[in-house]
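Visitor: Below are the sequence and a predicted model; questions follow.
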Amino acid sequence: MQAELLIHADWILPVDAADSTLERHSLCIDRGRISALLPRSEAEQQIEAKRVLELPGHALIPGLINAHTHAAMTLLRGLADDLPLMTWLHEHIWPAEGRWVDTEFVADGTRLAVLEMLRGGITCFNDMYFYPEVTARITAEAGMRVLAGMIVVDLPTRYAQDADEYLRRGLELYEQYHDHPLARIAFAPHSTYAVSEEPLARIRTLSDELEVQVHMHLHETRDEVMQSLGTHGERPLARLDRLGLLGPQLIAVHMTQLEDEEIARVAASGAHVVHCPESNLKLASGFCRVADLLDAGVNVALGTDGAASNNDLNLLAEMRTAALLAKGVAGSAAAVPAETALRMATLNGAKALGIDDETGSLEVGKAADMVAVDLGNPHTQPLYHACSQMVYAASSNQVQHVWIAGRQLIRDGEPLTLEPDNILTAAQRWRDRIAEHSS
Ligand SMILES: CSC[C@H]1O[C@@H](n2cnc3c(O)ncnc32)[C@H](O)[C@@H]1O
Ligand SMILES: [Zn+2]
């Protein structure tokens, strides 16, 4: 059999149904797809490859999927810390966004985010921010996958005046990208407290017609739920259900406030949950009942949230936090074992984004979205179980190589499609402007 690239790795973690680690196996890439996955001894006999890559001491994993972020917010990293969500948003972040966010801000912030994410082994992200057309373009130009969410909020912003305009821009973006190999479009109404029922009902109709996902913050804090009960007499989840939005197209982010009946309702609906443990901890928003959701059959993916509330976009670290926090919340060391954490950061993310036919696991026929992590560092030695090492001990600077659709974007830890010096200079310029204005 012929292949463009044949990779020999010490460990391959396919994250498929078998949930097993393959030792001393090889993976072939042909025309951007995984064309074979077999023991090294067989690969050496059967495969005629144009290029061979030896990765001793490395593990090959599927590309990580950051299922919730606001990429351009990298430029607001560290602007306001140690605050609860509503103070952080109302007194710091929203005023800064009102003052600074334009197409140039989103382009520069997204480039910085893409650089950080690629270097950390993230191959795809689900974004919610102003100017998603810029996010989609910058990300696709770098060769990375994105589900760019067309935001909707009730208030007029520099980006759009009203729901009609947000939705019109969303439809234009959908037309532009719906056959694109890397970028896709979703609707991203911010939350039930920032978007009223009439636009939410229209989003439900459009998402059904176009078969696109709906990406929303939901039940992030206790205050959000109490405010909804006070104003509408209903919890946010119940409102969404009444509007027909609780279904397999919904990507519900945070979900720290869930009663048993709500977990059953989410499971029955097929909606996806994105857990953002580090942002929830930093903003003291609450704890998502991840183990209970998983036990109920809910697809739970992992997200970093934006760099202004995390404060990094590091999904390897997020896996570790998710696995540790779940044990504390469930009172059980068996909650969210390493294999589950890795699945949440890969295959479950792909399911949530509706792209699991294409990516999320290392299976023959899927796109070659994958990451080689060098486990030879002192802090990942000695090694008994590759998956456990990946989740509990590896850090993002051990990411050596990253491929998306078979194209190599990171080689020996360095980006091949981005210019870090220019990106960092632009970030520094924004920092100077923003800091000068705030002082
Ligand atoms: C309208 S674009 C997205 C909007 O969301 C804001 N944001 C960032 N992080 C969070 C969060 O954890 N909860 C709620 N809203 C958040 C961001 O600043 C943008 O304005
Ligand atoms: Zn968010």
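Guide: Cool, got the structure. Ligands and ions are numbered 1, 2, ... in the order given.

Visitor: Those residues of the protein touching ligand 1, which are they?
Guide: 70, 85, 89, 93, 97, 128-130, 151, 153, 190, 217, 220, 279, 305-306, 309 (Cβ under 6 Å from any ligand atom). Quick note: C-beta positions are derived from backbone N, CA and C, even for glycine.

Visitor: now, which of those residues lie within helices?
Guide: 85, 97, 279 (DSSP state H).

Visitor: So what's the residue count around the nearest residue to the last one once chain neighbours are set aside?
Guide: What that stands for is Ser279. Closest residue to Ser279 apart from its sequence neighbours, by Cβ to Cβ, 6 or more residues apart in numbering: Asp305 at 3.5 Å. When neighbours are counted by other Cβ atoms under 10 Å, Asp305 registers 29.

Visitor: now the one 3 residues further on
Guide: The burial metric for Ala308, expressed as a neighbour count using other Cβ under 10 Å, is 24.

Visitor: what's the answer for Gly57, then?
Guide: Neighbour number of Gly57 under other Cβ under 10 Å is 16.

Visitor: Next, it: phi, psi?
Guide: phi 70, psi 10 (degrees, to the nearest 10).

Visitor: Test my guess that it contacts Ala372.
Guide: No. Gly57 lies out of contact with Ala372 (Cβ atoms under 8 Å); the separation is 10.1 Å.

Visitor: Let me know the distance separating Ser395 from Tyr177.
Guide: 34 Å (Cβ to Cβ, to the nearest Å).

Visitor: cool, Gly303 as well?
Guide: 21 Å.

Visitor: Those two: which is more packed in?
Guide: Higher neighbour count among Gly303 and Tyr177: Gly303, with 29 against 20, using other Cβ under 10 Å.

Visitor: Surely Ser332 forms part of a strand?
Guide: No. Going by DSSP: H, G, I helix; E, B strand; the rest coil, the assignment for Ser332 is coil, not a strand.

Visitor: Name all residues that make contact with it.
Guide: Ala291 (Cβ atoms under 8 Å, 6 or more residues apart in numbering).

Visitor: Dihedrals phi and psi, it?
Guide: phi -150, psi 120.

Visitor: now what about stretch 41-54, what contacts it?
Guide: 1-8, 25-26, 28, 36, 38, 401.

Visitor: what's the residue closest to the geometric middle of this structure?
Guide: Asn66 (1.4 Å; Cα atoms, centre = their mean).

Visitor: what's the helix or strand for the closest residue to that one other than its chain neighbours?
Guide: Excluding its sequence neighbours, the residue lying closest to Asn66 (Cβ to Cβ, 6+ apart) is Phe125, at 4.0 Å. Following DSSP states H and E, the helix or strand that holds Phe125 is strand 122-129.

Visitor: May I have the strands that pair with that strand, each with its orientation?
Guide: Its sheet considered, strand 122-129 pairs with strand 64-69 (parallel), strand 145-152 (parallel) by DSSP bridges.

Visitor: and His275, how many neighbours?
Guide: Counted with other Cβ under 10 Å, residues neighbouring His275 total 30.

Visitor: ditto for the one 3 residues further on
Guide: For Glu278, the count of nearby residues is 22 (other Cβ under 10 Å).

Visitor: now do Gly233
Guide: Neighbours of Gly233 using other Cβ under 10 Å come to 9.

Visitor: For it, give its distance to Gln227.
Guide: Relative to Gln227, and taking Cβ to Cβ, Gly233 is found at 12 Å.

Visitor: what's His58 in contact with, if anything?
Guide: 9-11, 372-376, 400.

Visitor: what packs against the helix ranked longest in the chain?
Guide: Looking across the chain with DSSP H, the single longest helix is helix 420-438. Helix 420-438 sits against helix 94-100, helix 103-119, with contacts defined as 3 or more Cβ pairs under 8 Å, 6 or more residues apart in numbering; DSSP states H and E.

Visitor: which stretches of the stretch 201-350 of the chain form strands?
Guide: 214-218, 250-254, 272-275, 299-302 (DSSP state E, counting those that start in this stretch).

Visitor: Counting by contacts, list what the last one packs against.
Guide: This points to strand 299-302. strand 64-69, strand 272-275, helix 290-295, helix 315-330, helix 338-344, helix 347-353.

Visitor: Centre of the chain to it, how far?
Guide: Offset of strand 299-302 from its chain centre (Cα atoms, centre = their mean, to the nearest Å): 10 Å.

Visitor: what's the average pLDDT for it?
Guide: Average pLDDT, strand 299-302: 98.

Visitor: who's in contact with it?
Guide: 65-68, 251, 272-277, 290, 293-294, 315, 318-319, 322, 341, 344-345, 348-349, 351-353.

Visitor: Leu167: how many residues sit nearby?
Guide: Using other Cβ under 10 Å: Leu167 sits among 19 other residues.

Visitor: what's the spacing between it and Leu245?
Guide: Leu167 is 15 Å from Leu245, by Cβ to Cβ.

Visitor: Low-confidence stretches in the stretch 251-400 of the chain?
Guide: In the predicted model of the stretch 251-400 of the chain, no residue satisfies pLDDT under 70.

Visitor: Mind putting the strands paired with strand 122-129 into CSV with distance to Leu171 and mean pLDDT?
Guide: Output for those, formatted as CSV (distance: least, Cβ to Cβ, whole Å; pLDDT from 0 to 100):
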stretch, distance to Leu171, mean pLDDT
strand 64-69, 23, 99
strand 145-152, 8, 98
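
Visitor: Tell me which of these is the most buried.
Guide: strand 64-69 (a mean of 30; mean count of other Cβ atoms under 10 Å).

Visitor: now the angle from the strand holding Phe125 to strand 214-218?
Guide: 70 degrees (axes from the mean of the first three to the mean of the last three Cα atoms, to 10 degrees).

Visitor: got the angle for strand 122-129 vs helix 103-119?
Guide: 150 degrees.

Visitor: Buried residues in the helix or strand just after strand 122-129, which are they?
Guide: Scanning forward in sequence from strand 122-129 by DSSP H and E, the next helix or strand is helix 132-141. Neighbour counts using 16 or more other Cβ atoms under 10 Å place 132-141 of helix 132-141 among the buried residues.

Visitor: what's the answer for stretch 186-202, then?
Guide: 186-193, 195, 199-200, 202.

Visitor: before we move on, the earlier item: got a list of what the residue nearest to the centre of the chain touches?
Guide: Asn66 makes contact with 117, 122, 124-126, 302-304, 313, 315, 349 under the criterion Cβ under 8 Å, 6+ apart.

Visitor: and with 6 Å instead?
Guide: With contact set as Cβ atoms under 6 Å, 6 or more residues apart in numbering, Asn66 has these partners: 122, 125, 303-304, 315.
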